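J.: here is a sequence with its predicted model. Questions after.
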Amino acid sequence: MKGQKSFVDHVRIHCQAGDGGHGIVSFRKEKYVPRGGPDGGDGGDGGSVIIRVDENTDNLRAFHYDPKLHAEHGAQGQSWKRHGKNGKTKIGRVPPGTVIYRSNAETVSDAVQLERSEEGVDLEPVIDLTEHGQEVVLLEGGKGGRGNFHFRSSTNQVPQERELGTEAGQGVFYLELRRIADAGFVGFPNAGKSTLLGKLSAKQPKVASYPFTTLTPQIGVVELSGHLRCTLADIPGLIEGAHDNRGLGHEFLRHITRCRVLIFVVDMAGSEGRDPIEDVQTLRTEIKMYDEELSAFPWFVVANKMDLEESAQNLIYFQQRFPKVKILPISADQETGLDELRLELEEIMKQPVEEETPDE
């Protein structure tokens, strides 16, 4: 649909937990019971705000159209010691790989103004959600107050005391989706990443002969021998200056920060006047300037389009320039060299994953 934002991977939302309901002052009033005792009921608890991981959700688009999570307030107590109704908890569903930050702004509009100002907005990490069903309580609901029934005593048979429900918190949170994949394809537009993903997995991304066909990160699953599986992320083509968010660089680069290995897909034929050596050098520079730690990730090169005439000579120059880098010549279009790539992915998947500390 024209004008519709189909893929959203970062968004600000305003969250408000429900206040607790007030306890009430009430006395039993019945015929033939002239001195009914206190019967003021307790207020209901307010609803909490919860974020839950749902693997059936693949982006944050729902929050783009409704950027708020507001839980219900608890109802006040009633006579006859009846408890007020608890407020409903509000649950927001996010895909695996969502990182949550808390903003120092009080409203979404304040957050936008702070981001545009020199002062900037402060973001405090809350949690990194990676597993299906994992959840976090962003804001606890307020507690309901006690009614006057709880304040009766032998010396105070007509208590006028009651408790007010506690107020709940509110705040602005920033949600950022970072796709979870074992390996990430990195390359310039039209290098053949989408074609390669389609040949290796059941994923069939849109493929065409013009750049920027892929506008959102695509995830494919490759079935390997020995019951191994590898998830591949096709990151939309980067351009020079991506680390400065040129060409929506940050929109794409964030999705490779979780990968175990980076696969640089290079047009070895040098189509459209490109130089494969310069392409890799530029891509490495962009990644390093975006995140120093990301540049230290394991990586190798897939030399694509080897079916074209210019590729053979370009590959010789490329190997001379990068003698210590693993280079796998392939043709995604002709499906040659893919078995060797699958074997390389198998070796990667057999390696144990290093556990991260909470600080990391």
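T.: Looks like it arrived, so ask away.

J.: right, and residue 345 touches residue 183 too?
T.: Yes. With contact defined as CB atoms under 8 Å, residue 345 reaches residue 183; the gap is 6.7 Å. In short, each C-beta sits where N, CA and C put it, glycine included.

J.: mind checking the longest helix of this structure?
T.: In the chain, with assignment by DSSP state H, the single longest helix is helix 276-290.

J.: so for that helix, mean pLDDT?
T.: The pLDDT scores in helix 276-290 average 89.

J.: remind me which residues of the protein are low pLDDT?
T.: 1-7, 118-120, 202-216, 237-252, 353-360 (pLDDT under 70).

J.: now the helices for it?
T.: 61-65, 108-116, 193-200, 249-253, 276-290, 311-321, 338-350.

J.: deepest of these, which one?
T.: helix 193-200 (a mean of 24; mean count of other CB atoms under 10 Å).

J.: picking that back up, now do the shared contacts for residue 345 and residue 183.
T.: residue 230 (CB atoms under 8 Å, 6 or more residues apart in numbering).

J.: who's the nearest residue to residue 297 once chain neighbours are set aside bridged to?
T.: Spatially, and ignoring its direct neighbours in sequence, residue 297 is nearest to residue 262 (5.3 Å; CB to CB, 6 or more residues apart in numbering). Beta-bridge partners recorded for residue 262 (DSSP bridges): residue 184, residue 299.

J.: residue 183 reaches residue 258, doesn't it?
T.: No. Contact status for residue 183 versus residue 258: not in contact, 10.6 Å apart, counting by CB under 8 Å.

J.: higher neighbour count, these two?
T.: residue 183 (23 against 17; other CB atoms under 10 Å).

J.: tell me the contacts of that one?
T.: Counting by CB under 8 Å, 6+ apart, residue 183 has contacts 230-233, 259-263, 345, 348.

J.: which residues of this structure fall in strands?
T.: 10-16, 49-53, 68-70, 90-94, 98-103, 123-129, 135-139, 170-177, 183-186, 218-223, 229-234, 261-267, 299-304, 327-329 (DSSP state E).

J.: domain map for this structure?
T.: Per automatic domain parsing, the domain ranges recorded for the chain read 10-177, 183-350.

J.: quick revisit: residue 217 is nearest to which of the helices of the chain?
T.: helix 249-253 (6.8 Å; CB to CB).

J.: just to revisit the earlier point, relative to residue 352, which of the strands of the chain is closest?
T.: Here strand 261-267 is closest among the strands of the chain (CB to CB), at 13.7 Å.
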